[in-house]
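Participant: only geometry, no sequence info:
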């Protein structure tokens, strides 16, 4: 499951691939990021196969031209002193997207605040809606970036 602020959760499937295909720039129909792209930066490596699979899935579908960039697996210290892990940050023509990767087999249900993960033969697990966590991280990162001189100059 991939979660992005401003987008609903997306399970991978044929419908997602069709939507991604329809969003491609006709000027660059086959220009997709490869593992050697200078527009894709992984700060640390992952030891989790589901995280690797999700990152590869996104990278292989991102255009490999300006303004697209992606930064994976990094941490930042927010203004409040909290340490925040980011699975993926994607820069595109419509904004900057913080992506939270989860691998939760079974059935996931819930509401705006709490989600329930159910697997056959196991007790249900209750989790905070990961969109809330991703939203907090995105706001902390936006606040930190807004304090940077280069960002303030760009807004002027």
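Facilitator: Arrived safely, thanks for sending. Since this is a predicted model, take the numbers as computed values, not measurements.
Participant: Output the longest helix belonging to the chain.
Facilitator: helix 130-146 (DSSP state H).
Participant: Run through the neighbouring helices and strands of it.
Facilitator: Where contact means 3 or more CB pairs under 8 Å, 6 or more residues apart in numbering; DSSP states H and E, helix 130-146 is packed against strand 2-4, strand 69-77, strand 83-92, strand 95-101. Any C-beta I mention is one placed from the backbone N, CA and C, and that applies to glycine too.
Participant: just how off-centre is that helix within its chain?
Facilitator: Centroid displacement of helix 130-146 relative to its chain, using CA atoms, centre = their mean, to the nearest Å, is 12 Å.
Participant: buried sites along that helix?
Facilitator: Buried residues in helix 130-146, counted by 16 or more other CB atoms under 10 Å: 130, 131, 133, 134, 135, 137, 138, 140, 141, 144.
Participant: Report the contact partners of the third one.
Facilitator: What it means is residue 133. Residues near residue 133 by CB atoms under 8 Å, 6 or more residues apart in numbering: residue 100.
Participant: Look up the residues forming beta bridges with the most centrally placed residue in the chain.
Facilitator: Closest to where the C-alpha atoms of the chain average out (CA atoms, centre = their mean) is residue 99, at 1.5 Å. Beta-bridge pairing for residue 99 (DSSP bridges): residue 4, residue 88.
Participant: could you measure it against residue 74, distance?
Facilitator: Separation of residue 99 from residue 74 (CB to CB, to the nearest Å): 12 Å.
Participant: Can you pull out the low-pLDDT segments for the chain?
Facilitator: Applying pLDDT under 70 to the chain flags the ranges 1-29, 156.
Participant: Secondary structure element holding the residue of it positioned farthest from its centre?
Facilitator: Residue farthest from the centre of the chain, counting by CA atoms, centre = their mean, is residue 121 at 30.7 Å. Secondary structure assigned from DSSP states H and E places residue 121 in neither a helix nor a strand.
Participant: got the end-to-end distance for stretch 47-67?
Facilitator: Start to finish, the residues bounding stretch 47-67 are 29 Å apart (CA to CA, to the nearest Å).
Participant: How about that stretch, which residues are buried there?
Facilitator: Buried-residue list, stretch 47-67, by 16+ other CB under 10 Å: 51, 54, 55, 58, 59, 62, 63, 64.
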